[in-house]
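Asker: here's a sequence, model it:
(one chain, ligands or ions: 2)
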Amino acid sequence: MAEFAKLGLASWLVAQCRQLGLKHPTPVQQNCVPAILEGRDCMGCAKTGSGKTAAFVLPILQKLSEDPFGIFCLVLTPTRELAYQIAEQFRVLGKPLGLKDCIIVGGMDMVAQALELSRKPHVVIATPGRLADHLRSSNTFNIKKIRFLVMDEADRLLEQGCTDFTKDLEVIFDAAPAQRQTLLFSATLTDTLKVLQGIATNKPFFWEAPAEVRTVEQLDQRYLLVPEKVKDAYLVHLIQTFQDEHEDWSIIIFTSTCKTCQVLNMMLRRFNFPSVALHSMMKQKARFAALAKFKSSVYRILIATDVASRGLDIPTVQVVINHNTPGLPKIYIHRVGRTARAGRDGIAITLVTQYDIHLLHAIEEEIKMKLKDFSVEEATVLKILTQVNVVRRECEIKLEATDFDEKKEINKRKQLILEGKDPDLEAKRKAELAKIRQKNRQFKEQVMQTLQRQKALRLKRKQQRKQQWQQQRQQRQQQPLPSPKAKEKKK
Ligand SMILES: Nc1ncnc2c1ncn2[C@@H]1O[C@H](COP(=O)(O)OP(=O)(O)OP(=O)(O)O)[C@@H](O)[C@H]1O
Ligand SMILES: [Mg+2]
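Answerer: Numbering: from 1, shown residues only. Ligands and ions are numbered 1, 2, ... in the order given. Here you go, the predicted structure:
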């Protein structure tokens, strides 16, 4: 078996690998590390859990130790949680170097990040959106001198999915030097190869693990045909079975939307299952907390959207359940790759409804193998069917009553962003408009009150004059008429 030292790595890095229990380099490491050390661009495509992270971290650390400065390397990833995980790998392997790293992701304090960036860390690990925001708004740092630009999950960064990174990547590429080494990694690179070749132009070394099947051999891949309406009863039954039959178990359940993710979490909690949710509508701190609880096995079930489908490395995960059949085979490959990592066993069960059979066929075609049927005791599922459906409905009603307004608010913000408007600025403008309107209302009320007061005063005066006039008349009437003699005297 090959050894790390034979790849050209320095003895301190070999010692670090040994200390971490990495005895022999994996094929992607054997092939990509020497090419990167030679100074070539690299595109590495290897199965999930095959050690792609170390394949770029190790040579970068070696080059950094030869000529340390900041910012030496920039790593881009599509998700925030993955950025933290990669930073962890840099920190562990680069400990003898006294490596300074910096994580730049959305949902965290931007001022603190700007300060960290200005201190010139050796390695910056970032999600494109937030890094581009910093590049647009700050001149306290730059990436003009970076030696390495890494794109982990490169195909996801370059495709135009629900999160489109194109504009942010343009800003980043414009700010990065043309003279650099570009390293691109993923388990599914091939369909974006042309775009990738445009980015990695420096004698690019392309390596794809030779394999008949595109998923891991140790992974037991199953499907379970279920009618749409009874899906959740099957899910509860599956989890109960794993809980009963295994001592040490961890499951990731993937769902199609944030709402389903939240509802399923509430539902499983009602059945006393130790579950946590992870989706993009949660606050970032809650996302980190949920993942930490799952990683430490305090909670055994993670219900997540595709925000958790790529790159996350949690060795205790033995089971992946696809609550929905993924619409793209690529998504399937990454989801099921959260188990059976680094030579371990694992099982993936995909729930397939009557409407999803064509999706199952597309997956089988792409991964080049047939999934096996997973059998369950239908009678047991039938027994819990009504209870599960009632609980799910109750959870849905509860969710709509609590989170609905907040979700609407978030969606409104998203809509504004899509329209190219700044939601915060819009909110400020609205608040200012409301203030002006209120002032106008108050002014109008004041005017009306003054007018009414004046009218009342006029009325009062009129009445007083009328009274005076009546009194005078009465007095005159009461006076005796002058006698004819007095009249003559006057004359
Ligand atoms: N040479 C090695 N020997 C044994 N284990 C290794 C070796 N290299 C890496 N690993 C371990 O394998 C696991 C998976 O590695 P990593 O996360 O880099 O996989 P990946 O190829 O990036 O997968 P994904 O496509 O899901 O992102 C990690 O826990 C890592 O520590
Ligand atoms: Mg990875």
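
Asker: okay, stretch 116-130 in CSV with CA atoms only?
Answerer: The C-alpha coordinates for stretch 116-130 follow below in CSV (Å, rounded to 0.1, in the frame of the first residue of the first chain):
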residue,chain,number,x,y,z
GLU,A,116,-10.9,38.8,11.0
LEU,A,117,-10.3,39.3,7.3
SER,A,118,-8.2,42.4,7.9
ARG,A,119,-5.9,40.4,10.2
LYS,A,120,-4.8,38.4,7.1
PRO,A,121,-5.6,34.8,8.0
HIS,A,122,-3.7,32.1,6.1
VAL,A,123,-6.8,30.4,4.9
VAL,A,124,-10.3,31.8,4.3
ILE,A,125,-13.2,29.3,4.0
ALA,A,126,-16.3,30.9,2.6
THR,A,127,-19.7,30.6,1.1
PRO,A,128,-19.7,32.8,-2.1
GLY,A,129,-22.6,35.1,-1.2
ARG,A,130,-21.1,36.5,2.0
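
Asker: that one: which residues count as buried?
Answerer: 116, 117, 121, 122, 123, 124, 125, 126, 127, 128, 129, 130 (16 or more other Cβ atoms under 10 Å). Yep, even glycine has a C-beta here, placed from its N, CA and C like the rest.

Asker: what's the closest non-adjacent residue to the residue in the stretch 301-450 of the chain positioned nearest to ligand 2?
Answerer: Residue of the stretch 301-450 of the chain nearest ligand 2, by Cβ to the ion: residue 311 (4.2 Å). Nearest non-adjacent residue to residue 311, counting by Cβ to Cβ, 6 or more residues apart in numbering: residue 82, 4.3 Å away.

Asker: still on that earlier bit, which of the buried residues of stretch 116-130 lies closest to residue 33?
Answerer: Distance ranking of those against residue 33, using Cβ to Cβ, places residue 123 first at 17.2 Å.

Asker: got phi/psi on that closest one?
Answerer: As for residue 123, its main-chain torsions (degrees, to the nearest 10) stand at phi -130, psi 130.

Asker: got a list of what it touches?
Answerer: By Cβ atoms under 8 Å, 6 or more residues apart in numbering, the contact set of residue 123 is 60, 64, 71-75, 87, 90, 94, 99-102.

Asker: do the same with residue 362
Answerer: So residue 362 contacts residue 329 (Cβ under 8 Å, 6+ apart).

Asker: and it, what's its pLDDT?
Answerer: Looking at residue 362, its pLDDT reads 97.

Asker: which SSE is it in?
Answerer: helix 357-367 (DSSP states H and E).

Asker: kindly export that helix (C-alpha atoms) in CSV.
Answerer: Output of helix 357-367 as CSV, limited to C-alpha atoms (Å, rounded to 0.1, in the frame of the first residue of the first chain):
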residue,chain,number,x,y,z
ILE,A,357,-41.2,5.6,-10.3
HIS,A,358,-39.7,7.4,-13.3
LEU,A,359,-37.3,9.3,-10.9
LEU,A,360,-36.2,5.9,-9.4
HIS,A,361,-35.4,4.7,-12.9
ALA,A,362,-33.4,7.8,-13.7
ILE,A,363,-31.4,7.3,-10.5
GLU,A,364,-30.7,3.7,-11.3
GLU,A,365,-29.5,4.6,-14.8
GLU,A,366,-27.2,7.3,-13.4
ILE,A,367,-25.6,5.3,-10.6
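
Asker: list the buried residues for that helix?
Answerer: Quick answer for helix 357-367 (16+ other Cβ under 10 Å): 359, 360, 362, 363, 364, 366, 367.

Asker: name the helix or strand for the residue nearest the centre of the chain, please.
Answerer: The centroid of the chain falls nearest to residue 280 when counting by Cα atoms, centre = their mean (3.8 Å). Under the criterion DSSP H and E, no helix or strand holds residue 280.

Asker: hang on, the earlier thing: now, the most widely separated pair of the buried residues of stretch 116-130?
Answerer: 122 and 129 (22.7 Å).

Asker: can I take it that residue 348 is in a helix?
Answerer: No: the assignment for residue 348, made by DSSP: H, G, I helix; E, B strand; the rest coil, is strand rather than a helix.

Asker: so for the helix or strand where residue 433 lies, what's the average pLDDT?
Answerer: Here residue 433 is covered by helix 423-478, with elements defined by DSSP H and E. When pLDDT is averaged over helix 423-478, the result is 84.

Asker: ok so, going back, and which of the contacts of residue 123 is nearest to residue 346?
Answerer: residue 87 (25.6 Å).

Asker: ok, that closest one touching residue 122?
Answerer: No: with contacts counted by Cβ atoms under 8 Å, residue 87 stays clear of residue 122, the gap being 11.4 Å.

Asker: which neighbours do those two share?
Answerer: Joint contacts of residue 87 and residue 122 (Cβ under 8 Å, 6+ apart) are residue 101.

Asker: show me the shaky parts of the stretch 51-200 of the chain.
Answerer: Applying pLDDT under 70 to the stretch 51-200 of the chain picks out residues 161-162.

Asker: tally of neighbours for the residue of the stretch 101-250 of the chain at minimum distance from ligand 1?
Answerer: Residue of the stretch 101-250 of the chain nearest ligand 1, by Cβ to the nearest ligand atom: residue 187 (4.1 Å). Counted with other Cβ atoms under 10 Å, residues neighbouring residue 187 total 25.

Asker: separation between it and ligand 2?
Answerer: Distance of residue 187 to ligand 2, computed by Cβ to the ion, to the nearest Å: 8 Å.

Asker: could you list every residue that touches the nearest residue to that residue once chain neighbours are set aside?
Answerer: Spatial nearest neighbour of residue 187, excluding adjacent residues (Cβ to Cβ, 6+ apart): residue 48 at 4.7 Å. Taking Cβ under 8 Å, 6+ apart as the criterion, residue 48 is in contact with 187, 215, 216, 333, 334, 336, 337, 338, 341.

Asker: contacts only, for the first one.
Answerer: Taking Cβ under 8 Å, 6+ apart as the criterion, residue 187 is in contact with 45, 46, 47, 48, 50, 52, 214, 333, 334, 337.

Asker: relative to residue 240, which of the residues you listed is nearest.
Answerer: residue 337 (25.4 Å).

Asker: correct me, but that closest one touches residue 52?
Answerer: No: using Cβ under 8 Å, residue 337 is not in contact with residue 52; the gap is 11.1 Å.

Asker: hmm, residue 309 is touching residue 338, no?
Answerer: Yes: between residue 309 and residue 338 there is a contact under Cβ under 8 Å: 7.2 Å.

Asker: shared neighbours, those two?
Answerer: Joint contacts of residue 309 and residue 338 (Cβ under 8 Å, 6+ apart) do not exist.

Asker: leaving out sequence neighbours, find the closest residue to the residue nearest to the centre of the chain.
Answerer: residue 307 (5.3 Å).

Asker: OK, contacts around that neighbour?
Answerer: Residue 307 touches 79, 81, 278, 279, 280, counting by Cβ under 8 Å, 6+ apart.
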